[in-house]
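A.B. asks: All I have is the shape, not the residue letters:
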């Protein structure tokens, strides 16, 4: 499933906030970002990090899938995601991911298939609560965790503390990797 209109995500967030009668300032405080960043998320001027999506979803007591697709996940015992059928999001130019478990209710992990384009600028590092696992399936990926950078090839993996600033970039051509994120406050 490809997300037809990523601009719908900020719109859904704004609608939920207004329905709950929460100010943008309170939302920014509740999810731990500056008011300017939060305004940028809602206006669509800033890409919303996945960690912020989790916090926003938790604040509204909804599954992150509701923010991504506008629909509640339906599966409770198992959810199959066929090849090419994950909810696909372009997070920023050169970094696109597909949510592979979007239709599973109450998931504790977020498995994503990430596509990296080496022709785009490297994004700023991010951090979030919890832990993260990356497994390279194609190409080479530079994974930066804190002050260290690791170059991983297909078949290599890394597991790290996601509270450390981290980021991924393609090396020597396009790359894909699977990331599994366990978000913690």
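C.D. replies: Yes, it's here. Keep in mind that what you see is a predicted model, and the values were worked out from it rather than measured.
A.B. asks: What part of this protein, helix or strand, is modelled with the least confidence?
C.D. replies: strand 87-92 (a mean of 74; mean pLDDT, DSSP states H and E).
A.B. asks: how's the protein carved up into domains?
C.D. replies: 8-69, 108-182 (automatic domain parsing).
A.B. asks: between the ones you listed, which gets the lowest average pLDDT?
C.D. replies: For these, the bottom mean pLDDT is recorded on domain 8-69, which sits at a mean of 90.
A.B. asks: Kindly check the end-to-end length of that one for me.
C.D. replies: Start to finish, the residues bounding domain 8-69 are 8 Å apart (Cα to Cα, to the nearest Å).
A.B. asks: try stretch 74-86
C.D. replies: End-to-end distance of stretch 74-86: 14 Å, with Cα to Cα as the criterion.
A.B. asks: Would you map the strands across the protein?
C.D. replies: Assigned by DSSP state E, the strands in the chain fall at 87-92, 95-99, 110-116, 131-145, 148-153, 157-161, 166-182.
A.B. asks: Against which helices or strands is the second one packed?
C.D. replies: To tie it back to what came earlier, the one meant is strand 95-99. strand 87-92, strand 110-116 (3 or more Cβ pairs under 8 Å, 6 or more residues apart in numbering; DSSP states H and E). Where you see a C-beta, it was placed from the backbone N, CA and C, and this is true even at glycine.
A.B. asks: Spell out for me which residue occupies the centre of the protein.
C.D. replies: residue 50 (2.9 Å; Cα atoms, centre = their mean).
A.B. asks: buried sites along the least confident helix or strand of the chain?
C.D. replies: When burial is assessed from 16 or more other Cβ atoms under 10 Å, strand 87-92 yields the following buried residues: 87, 88, 89, 91.
A.B. asks: Just flag the most distant two among those.
C.D. replies: With Cβ to Cβ as the measure, no two of the buried residues of strand 87-92 lie farther apart than 87 and 91, at 12.2 Å.
A.B. asks: Residue most distant from the centroid, this protein?
C.D. replies: The centre of the chain is farthest from one residue, residue 21, which by Cα atoms, centre = their mean lies 25.9 Å away.
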